[in-house]
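Participant: whatever this is, show me its structure:
(one chain, ligands or ions: 2)
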Amino acid sequence: MHVVVNAAMSADGKLSSRRREQLAISGDEDFARVDRVRAESDAVVVGVGTVLADDPHLTVKDERLRERRRERGEPETPARVVVDSSGRTPTDAAVLDDAATTYCCLSEAAPVDRRAALADAAELITAGEERVDLLRAFAALQEAGLEQVMVEGGGELIFSLFEAGLVDELRVFIGPTIIGGRDAPTLADGEGFVADFPELALEAVDRLDEGVLLTWRVEDR
Ligand SMILES: NC(=O)C1=CN([C@@H]2O[C@H](COP(=O)(O)OP(=O)(O)OC[C@H]3O[C@@H](n4cnc5c(N)ncnc54)[C@H](O)[C@@H]3O)[C@@H](O)[C@H]2O)C=CC1
Ligand SMILES: Nc1nc(O)c(N)c(N[C@@H]2O[C@H](COP(=O)(O)O)[C@@H](O)[C@H]2O)n1
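Facilitator: Residues are numbered from 1 along each chain as shown. Ligands and ions are numbered 1, 2, ... in the order given. Now for the predicted structure:
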């Protein structure tokens, strides 16, 4: 499995404001690039915090990219994956519509009624007692045939994936704005590292829109 984390942050490292509402940090060129990365992926993954904040659809938007996927014999949009320990994904979430297969990765703590509600619209994977065990959940996704995986956020999930050593590549668009706020989400939140910081090797620097795209490879830990 190859895991690419892709996100957009402000020049001061924020994914959104302290209100945690969806903000367009990317410009048109970067959103088009994100669409191409989605179209090259078998699955697009987000945490439930992002589902609750943004209600994303996570589909491929460009019809030509969808057509190329169909020509390759792939579903026109990749599978969608929500990492959701207690099954908080609303049943009317856009990510649960029939545009693509959706996997909900739950923990054993997810209540039975939430499991039943989500089972109608999603494939359920259970891994971990109170929190989703990402190593086990991603192994189950790989077992289901998902090899090229794109993670779109948010900051809690991205930190945990780095902590679990699951990230192969990080692509960050840095947009021309300052958001600020000590409580605004950043690229990697969670508890944070105090030692054994993951190390990155810079692979590319590209100017896009009024910002810059950095592509990093994650060094083996
Ligand atoms: N600018 C950008 O590229 C993006 C911005 N965002 C923004 O990020 C914010 C949402 O991010 P977060 O609140 O950090 O939520 P998140 O999307 O990272 O989800 C975190 C939640 O996932 C669940 N979870 C289950 N197992 C977990 C594990 N092992 N590790 C971590 N989480 C686990 C927990 O319920 C946890 O609260 C929103 O404001 C959204 O707009 C989200 C995606 C991309
Ligand atoms: N790459 C990027 N740039 C931004 O400025 C963003 N706000 C995001 N957000 C991510 O995209 C998801 C929305 O997907 P749909 O358009 O609904 O398909 C959102 O939930 C974030 O994961 N990304």
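
Participant: for the helix with the most length in the chain, name the packing helices and strands.
Facilitator: Ranked by residue count and defined by DSSP state H, the top helix of the chain is helix 28-39. Counting contacts by 3 or more CB pairs under 8 Å, 6 or more residues apart in numbering; DSSP states H and E, helix 28-39 packs against strand 2-9, helix 63-71, strand 148-153, strand 169-174, strand 200-208, strand 211-218. C-betas here are computed from N, CA, C, even on glycine.

Participant: which of those sits closest to ligand 1?
Facilitator: strand 148-153 (2.5 Å; CB to the nearest ligand atom).

Participant: buried ones in that closest one?
Facilitator: Within strand 148-153, the residues scored as buried using 16 or more other CB atoms under 10 Å are 149, 150, 151, 152, 153.

Participant: does the longest helix of the chain reach ligand 2?
Facilitator: Yes - for helix 28-39 and ligand 2, the contact criterion (CB under 6 Å from any ligand atom) is met by residue 34.

Participant: which positions in this protein make contact with ligand 1?
Facilitator: 7-8, 15-16, 20, 22, 25, 46-50, 53-54, 83-85, 131-132, 134, 152-157, 160, 185, 189.

Participant: of these, buried ones?
Facilitator: With burial judged by 16+ other CB under 10 Å, the buried subset of the residues of the chain next to ligand 1 is 7-8, 15-16, 20, 25, 46-50, 53-54, 83-85, 132, 134, 152-157, 160, 185, 189.

Participant: can you list the weak-confidence ranges in this protein?
Facilitator: 221 (pLDDT under 70).

Participant: let's see it at 90
Facilitator: Applying pLDDT under 90 to the chain flags the ranges 220-221.

Participant: follow-up on the earlier one: export the helices and strands packed on helix 28-39 to a markdown table and tack on distance to ligand 2?
Facilitator: Shown next, in a markdown table, are the helices and strands packed on helix 28-39 (distance: least, CB to the nearest ligand atom, whole Å):
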| stretch | distance to ligand 2 |
| --- | --- |
| strand 2-9 | 3 |
| helix 63-71 | 13 |
| strand 148-153 | 4 |
| strand 169-174 | 6 |
| strand 200-208 | 11 |
| strand 211-218 | 10 |
